[in-house]
Every structure is written in structure tokens, then in C-alpha cells.
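Q: the sequence and its predicted three-dimensional model are supplied below.
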Amino acid sequence: MSYWTKDPQAVLDYRFDWAQWLAAGETITAHTVTVPAGLAKDSDSATSTAVTVWLSGGTAGVDYAVGCRVTTSQGRTDERTIVIAVRER
């Protein structure tokens, strides 16, 4: 699991990269990003190998688990989680 730190006032992008996991010619065909209450998902988008989510807000001192689930062109699914530690910086 990856850990990232952000300030409560920051609006930052976080990338979930599946390039090394995908088979040759396999692509991401669908994705879902899950963000807990208190942290805001401003937007998300995907390429054939990665998903990027833009996050804002959060309460200083709180850690948030953000999940990303993908489905691929070969019908496989995977889910990864990152932890966003919100801290005054």
C-alpha cells in the first residue's frame, strides 16, 4: 500500500498505475475510485494502463484510504488502495 501526504488546502492528483501488471495488449476498460467521507474526489480519468484521481480537502491529522478498482479488456479485475495522510504542511 502506498502512503501520500497532502495539506488540507491542497488539490492534488494521485495515479494508480497498472502498466507492469497488465498483460501484453491488455488495457483498462472500466474503473471505479472510492473515496471516504471527509476527502473530496474532484475528478478521475483513465488511460489504457493507469487511473488518475484528483483529491481535495480532508481533515488535518486524519488518514484516508482511497481505493481504485479496474476491469481489463481480458475480463480481469484488480483493486489497489493508497492512504492519504492529511497533514498541515
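A: Happy to help now that I have it. Numbers count the residues shown, from 1 in each chain.

Q: buried stuff in stretch 19-26?
A: The neighbour-count check on stretch 19-26 (16 or more other C-beta atoms under 10 Å) flags 22, 26 as buried. Heads up, the C-betas are built off the backbone N, CA and C, glycines and all.

Q: for stretch 65-73, same thing?
A: Applying 16+ other C-beta under 10 Å to stretch 65-73 flags 66, 68-70, 72 as buried.

Q: repeat that for stretch 45-53.
A: Buried, per 16+ other C-beta under 10 Å, within stretch 45-53: 46, 49-53.

Q: again, but for stretch 11-21
A: 14, 16, 18.

Q: before we move on, back to that, from the buried residues of stretch 65-73, which single one is nearest V86?
A: V66 (11.6 Å; C-beta to C-beta).

Q: distance of the closest one from T27?
A: Separation of V66 from T27 (C-beta to C-beta, to the nearest Å): 22 Å.

Q: isn't W21 up against R80?
A: No: at 9.3 Å, W21 and R80 do not qualify as touching, with contact defined as C-beta atoms under 8 Å.

Q: could I get the buried residues of stretch 11-21 as JSON lines with secondary structure, distance to S2 and pLDDT?
A: Compiled in JSON lines, the buried residues of stretch 11-21 are given as follows (DSSP: H, G, I helix; E, B strand; the rest coil; distance: C-beta to C-beta, whole Å; pLDDT from 0 to 100):
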{"residue": "Y14", "secondary structure": "strand", "distance to S2": "9", "pLDDT": "98"}
{"residue": "F16", "secondary structure": "strand", "distance to S2": "9", "pLDDT": "98"}
{"residue": "W18", "secondary structure": "coil", "distance to S2": "13", "pLDDT": "97"}
